[in-house]
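Q: pasting the sequence and the predicted coordinates here, then a few questions.
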Amino acid sequence: MNIIYQGLFTLVKSALTGEKLNLPEGFELEKAAPLIKRHALIPLVYPGAINCGISPKAELMQKMQVHYFRHMITSERQMQAVKRLCAAFEAEGIDYMLLKGVNLKALYPKPEMRSMGDADVLIRLEQYERIIPIVEKLEYQKVKESVYDFVWQVPELYLELHRRLYAAAQTTLCAYFGTGWEVAQKGEGHSYRMSREDEFAYIFSHMAKHFRIRGIGLRHFIDLYVYRKTYQLDETRVEQIMDKLQMLDFYRNVSRTLEVWFEGRENDDVTDMITEYVFNSGSFGAMENKVYYQELTKASQKKTGIRNSKASSFVDALFPPLRLMQDSYNILFRHPVLLPVYWPVRWADVLIHRRKNIGKKLRLVSQMSDEKLLHRERAMNLMGVNFDCGDSDEE
């Protein structure tokens, strides 16, 4: 493992434990800065750097300090918005279950150490009409709806009200979690929460799905480490769930990788592969990973090589299916027969707003070969990432 990676893991662990740790010889924070930015790690790296004795007067540290304190303010505003939402749901008798980042922030030494782009909340679909005036009163503006959630926004927060934990196309995940209410346990008032083992499995499976489809950043792996350090989980139960989710091999490999990162375990070929994949993905994954996933899925489903898979990709880019179009044009939920009318609308939208992304994707597809796909497939299998993600374009 290279010195930059080792140094970043040392800084993160120092932030989480409050200990002053020895940075690897030759580590320079400036050289790690691009990765810190790409993985949105300043809220963790800055306090870790202070603990480890890096001078707060250094130019980079001063810039990180400004970012850290701005993020602290944002984090507090987000959590206050969530508290107001929960209070409003309680007052109006709305059942809800907070998910992912909202719960994870509370497990870090300071909530601002865990950045959060949106608040995920599971709701009962039959209560949604009652929820609309509640969030409108709290000055949320509706952004969009998809096959599995309703998205609203205030300046400090995106609010994702989930119809279910996973889209129905993700059959293996839905077979265990159902809509989410099947594994929910009653809390105080109208709040619900999963058992620790089910919640950990949900956090892990959400990470794993993104890992396979597009890649995912360090923060989501750190969440797993923090969760396990906070709660004494029934490991037998966790492995039983992972086996049902067809993720047991990947779970064991990730667990071993986290031990390499933070507990001094010796690395191996698989942990090195996972580490490189995560670092190369960035905070929100990489388009290249998603294209590989889509082409592998098509080639597997249609039993064809990359040439036919490429042709399919170009057709899909021009004429996306209804489900994908609904995510961008909500009117198609109510009037699906308008799909052909909205294909030209999408072409215009892409040309004006997303030309670079589409161009990049098509270039990546054109550069692929059967050999490259086979190499990626073997790497995924070695990491244990051979589970079914359902639909590659969900979430």
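A: Great, that's in hand.
Q: can you classify the nearest residue in space to residue 127 that is not next to it in sequence as helix, strand or coil?
A: The shortest distance from residue 127 to any non-neighbouring residue, by Cβ to Cβ, 6 or more residues apart in numbering, is to residue 94 (5.6 Å). For every residue, glycine as well, the C-beta is placed using N, CA and C. Of the three states, residue 94 takes coil under DSSP: H, G, I helix; E, B strand; the rest coil.
Q: surely residue 94 is in contact with residue 131?
A: Yes. Residue 94 is in contact with residue 131 according to Cβ atoms under 8 Å; the separation is 6.0 Å.
Q: which stretches in the stretch 1-150 of the chain count as helices?
A: With DSSP state H, counting those that start in this stretch as the criterion, the stretch 1-150 of the chain has helices at 3-17, 29-38, 42-51, 59-92, 101-104, 128-137.
Q: between the ones you listed, which gets nearest to residue 197?
A: In terms of Cβ to Cβ, the element of these nearest to residue 197 is helix 101-104, at 14.3 Å.
Q: contacts for the closest one, please.
A: 82, 114, 116-121, 193, 199, 203, 223, 226-227 (Cβ atoms under 8 Å, 6 or more residues apart in numbering).
Q: which one of those sits closest to residue 249?
A: For the contacts of helix 101-104, the nearest to residue 249 is residue 203 (18.2 Å; Cβ to Cβ).
Q: what residues are up against the closest one?
A: Contacts of residue 203 by Cβ under 8 Å, 6+ apart are 100, 104, 223-224, 227.
Q: same question for residue 11.
A: Residues in contact with residue 11 (Cβ under 8 Å, 6+ apart) are 23, 44-45, 48-49, 52.
Q: biggest separation within these, which pair?
A: Among these, 23 and 44 lie farthest apart (Cβ to Cβ), at 14.7 Å.
Q: show me which of the two is the more surrounded one.
A: Per other Cβ atoms under 10 Å, whichever of residue 23 and residue 44 has more neighbours is residue 44, with 29 against 20.
Q: correct me, but that one touches residue 223?
A: No. Applying Cβ under 8 Å as the test, residue 44 and residue 223 come out as separate, 11.2 Å apart.
Q: can you give me the strands in the chain?
A: 96-99, 118-123, 141-145, 149-154, 157-162, 184-186, 191-194 (DSSP state E).
Q: ok, which of those comes nearest residue 349?
A: Closest to residue 349 of these, according to Cβ to Cβ: strand 141-145, at 13.7 Å.
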